[in-house]
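Any chance you can model this:
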Amino acid sequence: PPLIVYKYIVLVHYFLAGLFTYLYARRINLSSPAALFSGITFAFSGFMVTHLEHLNIMNAAVWLPLILLLLETAIQHRKFIYAVVSGFVFAIQFFAGHPQISFYTALAVIFYLVAVGVDTKAWTKPLVILLLFFSVAGALAAIQIIPTAELSMQTARYQLSRSQWSWLTSMTFSPRDFVRFLLPNLYGTPVTNTYDWTLDNYWETCGFVGVLPLFLSVLSLLSFKSRIPRYLAFLALFSIVMALGKINHLYHVLVHVPVFNYFKDPARYLYLFSFAIALSAGYGIEALTNGNQRQNPTSKSIVEKSSQLLCRCLAFLFIATLTGGLLFYLFQEPIADLTRHDDTFVRIRLDSSRIDILALLLVSEGFYTCLRNRRFPPVSSWVGVPKAFGQWQHLGRFATRISAERNRTFSKSYRFNEGGRQPVADN
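Modelled structure (predicted):
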């Protein structure tokens with residue numbers, strides 16, 4: 001049945017994303033644990049998971065690590081047959097049905113081979129591999145590329161891409177989204193119908209890859225100075241700059257460049273960011289375990305201090321999670337009281353979340369310091385805690401009521417579909 005086949009397609013492609021990333025990580029000499037961590041990080045990154053409903057995006061995105069695996073094999077073994085096979089895989093990616101992802105993959109391949117030329121000071125082999133790659137891919141995918149290009153020129157989107165800057169830069173990654181690298185659901189989540197739909201779509205601007213991979217990627221940048229870690233750092237930086245779209249001055253120029261101006265939603269460059277951070281995290285694990293002899297010896301002290309900071313942040317996250325769960329348990333009753341009598345869907349999102357985060361930081365830091373020093377305040381100092389906690393509870397209820405009143409006003413000007421997923425403005 002089609003539904004069963006659809007489920008198997010999703011499962012297989014998530015497995016392939018992790019498998020191909022693992023194999024590529026092993027090819028660039030990462031240990032098995034580090035390679036496994038990179039594979040899991042990329043396969044279940046925010047970009048891959050939130051684009052689950054866009055099957056063509058997910059089906060196309062999984063082929064990038066396999067393409068780089070074949071190219072790296074061609075570079076290491078000096079066998080151009082692997083470059084031919086990589087072109088064949090790139091054609092398969094294009095047939096997956098999302099040219100925008102294929103275009104981003106082509107950019108990643110070009111940067112990869114440029115990095116090889118810069119590192120080796122020899123440009124003949126990278127240029128030959130690049131020529132074979134695009135020649136084979138273009139020859140195989142021409143049966144789809146040419147009709148698609150002809151058809152696209154007759155569509156309304158082609159005319160918009162030539163005339164409307166706002167259309168080309170729709171779904172742009174904005175500065176407020178940087179905090180979602182650490183707190184992906186700070187503005188709500190579509191799962192519980194709490195996302196603030198006045199912002200851009202949740203899935204288009206979700207670049208969350210996990211807190212731990214971000215810290216590990218920083219360690220890899222401090223510890224390794226070889227070609228691939230530098231390439232990954234450049235790829236992550238490039239993708240973030242391009243994802244900024246309308247607030248990026250470079251994008252104002254690129255929209256006049258053919259192919260660049262064929263696609264909207266600049267936030268989809270986070271596809272390259274997710275892959276780069278996943279592989280960089282593998283190098284970060286190598287730096288922590290000292291399993292790679294290419295580690296820069298001058299950065300050992302920095303790595304040690306960063307490792308201590310990482311452990312401290314993990315302790316904070318663990319304590320913050322427990323504290324946040326306790327606060328939610330205590331405040332869920334006033335929230336339920338506010339929504340129980342509403343006839344329409346009202347999004348409840350505490351505007352005091354920033355205060356909550358600051359409070360959790362302070363509480364976690366104090367608790368961590370007590371654990372580290374093995375000293376706790378005397379019992380007499382805890383007398384005022386119940387009173388202070390009562391004041392905090394009143395503050396939470398007050399903030400909840402303010403947010404509810406604001407969202408009732410919002411709900412009157414928007415009507416929601418039956419699934420409650422996205423508001424549709426009344427005409």
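
residues in contact with Arg78?
Lys125 (C-beta atoms under 8 Å, 6 or more residues apart in numbering). Every residue, glycine included, has its C-beta placed from N, CA and C.

From what I see, Ala233 and Leu221 are in contact.
Yes. Taking contacts as C-beta atoms under 8 Å, Ala233 lies within contact range of Leu221: 5.3 Å.

which residues do these two both contact?
Common contacts of Ala233 and Leu221 (C-beta under 8 Å, 6+ apart): Ser280.

residues touching Tyr82, list them.
Leu70, Leu71, Thr73, Ala74.

Of these, which is the most crowded?
Within those, most neighbours by other C-beta atoms under 10 Å means Leu71, with 26 neighbours.

Excluding chain neighbours, what is closest to it?
Nearest residue to Leu71, sequence neighbours excluded (C-beta to C-beta, 6 or more residues apart in numbering): Ser86, at 5.3 Å.

go on, His51?
His51 sits nearest to Ile57 (C-beta to C-beta, 6+ apart), 4.6 Å away.

Just to check, that neighbour is in contact with Ile101?
Yes. Using C-beta under 8 Å, Ile57 is in contact with Ile101, at 5.9 Å.

The two: which has the busier surroundings?
Between Ile57 and Ile101, counted using other C-beta under 10 Å, Ile101 has the larger neighbour count: 27 against 21.

And that one, how close does it get to Ala43?
Distance, Ile101 to Ala43, by C-beta to C-beta, to the nearest Å: 16 Å.

these two touch, right, Trp167 and Pro266?
No. Taking contacts as C-beta under 8 Å, Trp167 lies outside contact range of Pro266: 11.7 Å.

Comparing those two, which shows the higher neighbour count?
Counted by other C-beta under 10 Å, Trp167 and Pro266 do not tie: Pro266 has more neighbours, with 27 against 14.

The more buried one reaches Ile240, doesn't it?
No. Here Pro266 lies out of contact with Ile240, judged by C-beta under 8 Å, at a distance of 10.5 Å.

Quick check: neighbours shared by these two?
Phe173.

Can you name the residues that contact the residue nearest to Leu71?
By C-beta under 8 Å, 6+ apart, the residues touching Ser86 are Ile67, Leu70, Leu71, Ala74, Phe133.

hmm, 6 Å instead?
Ile67, Leu70, Leu71, Phe133 (C-beta atoms under 6 Å, 6 or more residues apart in numbering).

Endpoint to endpoint, stretch 198-217 covers what distance?
By C-alpha to C-alpha, to the nearest Å, the extent of stretch 198-217 from end to end equals 32 Å.

Show the subsequent helix or strand relative to the helix or strand containing the residue nearest to Leu71.
For Ser86, the host element (DSSP states H and E) is helix 81-95. Proceeding N to C from helix 81-95, the next assigned helix or strand is helix 99-120, under DSSP H and E.

For that following helix, buried residues please.
Within helix 99-120, the residues that count as buried by 16 or more other C-beta atoms under 10 Å are 99-109, 112-113, 115-116.

Check the gap between Gly188 and Tyr14 for me.
25 Å.

Can you pull the poorly scored residue ranges out of the protein?
158-165, 290-427 (pLDDT under 70).

how about 90 then?
Applying pLDDT under 90 to the chain picks out residues 1-10, 50-56, 76-79, 97-98, 119-125, 144-207, 210-212, 214-226, 243-267, 285-427.

mind listing the strands for it?
Secondary structure of the chain (DSSP state E): strands located at 414-416, 423-425.

any idea how far the residue nearest to Leu71 is from Phe44?
Taking C-beta to C-beta, one finds Ser86 at 25 Å from Phe44.

now do Phe37
11 Å.

Looking at the two, which is more packed in?
Per other C-beta under 10 Å, whichever of Phe37 and Phe44 has more neighbours is Phe37, with 24 against 16.
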